[in-house]
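S.K.: Sequence first, then the predicted structure, then my questions.
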Amino acid sequence: MIVSRISRFISDYQNLVALFAGACILISLFGILSLPLAYEENQIYPKAIDRTSALDPYDRGGTPFNTTTVVAQYPENSPYLGYVTAYLTPLSKYLADHTLHAGTTIVSHPGGIIDEILYNTRGLDTVVETSILLSAFAIASYLFRRTE
Amino acid sequence: MIPEYSLGLFAAFATAAVAFYALVRETDDLHRLLLTDLVEIVTLAFIALVGTDLAEALILPGLVVGISELIALSEIYRVKEGHIHPPRKGLRIEVMDSAPLIMAAILVGYGIVLSGFPGGAIAGVGVIFYFICRGQHERFELIETASGYSWVLWIVAFFTFMLFPQYWFCAVMLAGGAILVKVMAKMSLIGAMRGGPNA
Amino acid sequence: MLSIGGQDLFVLEFGDILHYFSPYTLTLFLLAVLFTGLAIISRPEEQIEIAFGGDAYYAKETTLPEMRFRRFMAIACGLASIGAMVSGDLFNYTLFTSMVGITNVGIVAAVKNRHVLNAAYAYGIVAMIATLPLFGSAALIVATTGTLSIPALAAGGQAVPLVGKALLVLGVVGEGMAPFYAAKAEMFRAPGAPYVIMCSLSSLLIFLRVVEIVTTI
């Protein structure tokens, strides 16, 4: 009796979103119950805030075409990691030298900031991510262009 | 004193529970699609709570996955509901006749200077503004081809990083430029696919 | 902790992201390669429907663009499964899993049938909200242990919180829900059958892999 009611509920795919969301609510409540969780202080790619730096809050150390220290997971796999981190484009270098506002604009010029993570050490993440974008876009454009 | 991270997690889990509860209650398809945004934002909150440079790097994939799934799903929704005719007329105000070219030029120029993901997003906003004001003349084939080639360039840059790390500078420039074109091409089509008989 | 993966045979390194081939992951990897190969070479089946109680029958046509699109999606799904099978990084695994989810939506969404599209839409919503448990678990684990690498988590003494593992499993369940919808919407009867099989296979493979991950870390 109860089994047939459950199976009838599950068999309607309109209900599966609600079912999955319900499971997520349970896990969220379980997450609240399992608090407090200790934060590990020994992180990879830690963030250092230096309020006096011109590049604050994105100061990662080093000068262009020189290396700097980066706490990567496997630094031996990316020997030139520090160089990628320290590089600044001429424009962002100019901003950093003459103003204190380089960190307030979206300065994501090649190199510096987080590029060595995005492109270099965790580059595969970005490869997969752009592939997701590609397939999602392929779905949308296929449906869009299909003549009804 | 409650540790900061646990406090943040409490807020994130509580918001997640609220967002999922909304999804349990909602049965309308379109509203469900809108509510997924609520869930996506909590996802970003979880990543941001890590608070390191790594978290900043991981937010971008998290964001892009959400956006791209939204593109695909909204198109499926449009087809399944049979909305094949474009809206008859959109907003027409004077600024839309005078501004598009210069605004698009400024935004695309600034996006190219920035390069990378944010650059692509800014340039994409410029292009989408131009499309909205100047009507439906996008050439899907061209944009798709451009983004396909930039994807290949990006893969080339990735393997340069992995196999020839001494050419890191070349790879950084290649990757930044390729991601710019790719993200711009995709962003510029959001909202431009309105359907239509001869699309 | 119980290890079902076995000894590492070979490790492929991409910066911080390792791909490790243990007997377990290698087996899954070869399966994924095999099925991707089958998706590339197989041709869509031509279906014949017989009108009940009469002599009439009619063939369902699969148009060339639809066939090409679904084959593309099936191959992309296969490649994502291949990546997910050997990835040694939690966040990378979650990304590959999301890609399996979105390509599964693509495979079923290409069918021109309102019933199937409804199911694809419902599955897409689940796949989309499943990114919260997936990315949430990766973020929770990196915050509490300080690393994302599965070998480092297996070797290190850091305790991975149970809720992190639970979120990961729930996320993979959400992304791999396609077979439920496929079975319900009778998509296996929709034209172009071999590509729809890829949904079930990729879900099965990511389920098998998440078991290995959860018992290893």
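M.R.: Right, received. Where do you want to start?
S.K.: all contacts plus neighbour counts: C-alpha atoms, from now on.
M.R.: Fine.
S.K.: so where is chain C shaky, pLDDT-wise?
M.R.: For chain C, the stretches with pLDDT under 70 are C:1-6, C:44-47, C:60-62, C:157, C:179-193.
S.K.: Next: chain A.
M.R.: In chain A, residues with pLDDT under 70: A:102-117, A:147-148.
S.K.: Give me the most central residue, it.
M.R.: Nearest residue to the geometric centre of chain A (C-alpha atoms, centre = their mean): residue A:118, 7.9 Å.
S.K.: residues contacting that one?
M.R.: A:125, A:126, B:57 (C-alpha atoms under 8 Å, 6 or more residues apart in numbering or on different chains).
S.K.: what are the ranges of the helices in chain B?
M.R.: Per DSSP state H, chain B carries helices over the ranges B:4-25, B:29-48, B:53-81, B:95-98, B:100-114, B:116-134, B:140-163, B:168-187.
S.K.: Of all those, which one comes closest to chain C?
M.R.: helix B:29-48 (4.8 Å; C-alpha to the nearest C-alpha).
S.K.: The closest one and chain C, are they touching?
M.R.: Yes. Helix B:29-48 is in contact with chain C by C-alpha under 8 Å from any C-alpha of the partner chain, via B:32, B:33, B:36, B:39, B:40, B:42, B:43, B:46, B:47.
S.K.: For that helix, name the packing helices and strands.
M.R.: Applying 3 or more C-alpha pairs under 8 Å, 6 or more residues apart in numbering or on different chains; DSSP states H and E, we find helix B:29-48 packed against helix B:4-25, helix B:53-81, helix C:114-129, helix C:131-145.
S.K.: Let's have those in CSV, adding mean neighbour count.
M.R.: Listed next are these as CSV, based on neighbours: other C-alpha atoms under 10 Å in any protein chain shown:
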stretch, mean neighbour count
helix B:4-25, 20
helix B:53-81, 21
helix C:114-129, 25
helix C:131-145, 27
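S.K.: Save the ones you listed as JSON lines, and put in distance to chain A too.
M.R.: Formatted as JSON lines, those follow (distance: least, C-alpha to the nearest C-alpha, whole Å):
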{"stretch": "helix B:4-25", "distance to chain A": "4"}
{"stretch": "helix B:53-81", "distance to chain A": "5"}
{"stretch": "helix C:114-129", "distance to chain A": "6"}
{"stretch": "helix C:131-145", "distance to chain A": "5"}
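S.K.: what does chain B put close to chain C?
M.R.: Listed as neighbours of chain C in chain B under the rule C-alpha under 8 Å from any C-alpha: B:32-33, B:36, B:39-40, B:42-43, B:46-47, B:49-50, B:55, B:62, B:65-66, B:69-70, B:73, B:76-77, B:80, B:162.
S.K.: go with 7 Å
M.R.: Counting by C-alpha under 7 Å from any C-alpha of the partner chain, the residues of chain B close to chain C are B:33, B:36, B:39-40, B:43, B:46-47, B:50, B:69, B:73, B:76-77, B:80, B:162.
S.K.: Out of those residues, which one has the weakest pLDDT?
M.R.: Checked by pLDDT, the residues of chain B next to chain C have residue B:162 as the lowest-scoring entry (81).
S.K.: Can you verify my assumption that that residue contacts residue C:16?
M.R.: No. If you go by C-alpha atoms under 7 Å, residue B:162 and residue C:16 don't touch, sitting 10.6 Å apart.
S.K.: Neighbour count: the two, which is higher?
M.R.: residue C:16 (23 against 20; other C-alpha atoms under 10 Å in any protein chain shown).
S.K.: And for the more buried one, nearest residue in space, chain neighbours not counted?
M.R.: Distances taken as C-alpha to C-alpha, 6 or more residues apart in numbering or on different chains put residue A:121 closest to residue C:16, at 4.9 Å, once the chain neighbours are dropped.
S.K.: which residues does the one you found contact?
M.R.: Applying C-alpha atoms under 7 Å, 6 or more residues apart in numbering or on different chains to residue A:121 gives the contacts A:78, C:15, C:16.
S.K.: From residue C:95, how far off is it?
M.R.: In this view, residue A:121 and residue C:95 are 16 Å apart by C-alpha to C-alpha, to the nearest Å.
S.K.: Kindly report the same for residue C:105.
M.R.: Counting by C-alpha to C-alpha, the gap from residue C:105 to residue C:95 is 16 Å.
S.K.: so what does the worst-scoring helix or strand of chain B on mean pLDDT touch, helix or strand wise?
M.R.: Lowest mean confidence among the helices and strands of chain B (mean pLDDT, DSSP states H and E): helix B:95-98, at a mean of 74. Where contact means 3 or more C-alpha pairs under 7 Å, 6 or more residues apart in numbering or on different chains; DSSP states H and E, helix B:95-98 is not packed against any helix or strand.
S.K.: Go ahead and produce CSV holding the CA coordinates of it.
M.R.: Written as CSV, here are the backbone C-alpha positions of helix B:95-98 (Å, rounded to 0.1, in the frame of the first residue of the first chain):
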residue,chain,number,x,y,z
VAL,B,95,19.4,56.5,-26.6
MET,B,96,19.2,53.1,-28.4
ASP,B,97,19.6,54.9,-31.7
SER,B,98,22.5,57.1,-30.8
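S.K.: related to what we said a few turns ago, could the residues of helix B:29-48 next to chain C be laid out in TSV, adding neighbour count and distance to residue C:151?
M.R.: Putting the residues of helix B:29-48 next to chain C into TSV (neighbours: other C-alpha atoms under 10 Å in any protein chain shown; distance: C-alpha to C-alpha, whole Å) gives the following:
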residue	neighbour count	distance to residue C:151
B:32	18	39
B:33	21	38
B:36	22	33
B:39	26	30
B:40	22	29
B:42	21	28
B:43	27	25
B:46	27	23
B:47	26	22
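S.K.: Tabulate those in TSV, adding columns for distance to residue A:40.
M.R.: Shown next, in TSV, are the residues of helix B:29-48 next to chain C (distance: C-alpha to C-alpha, whole Å):
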residue	distance to residue A:40
B:32	36
B:33	36
B:36	31
B:39	26
B:40	25
B:42	21
B:43	20
B:46	15
B:47	15
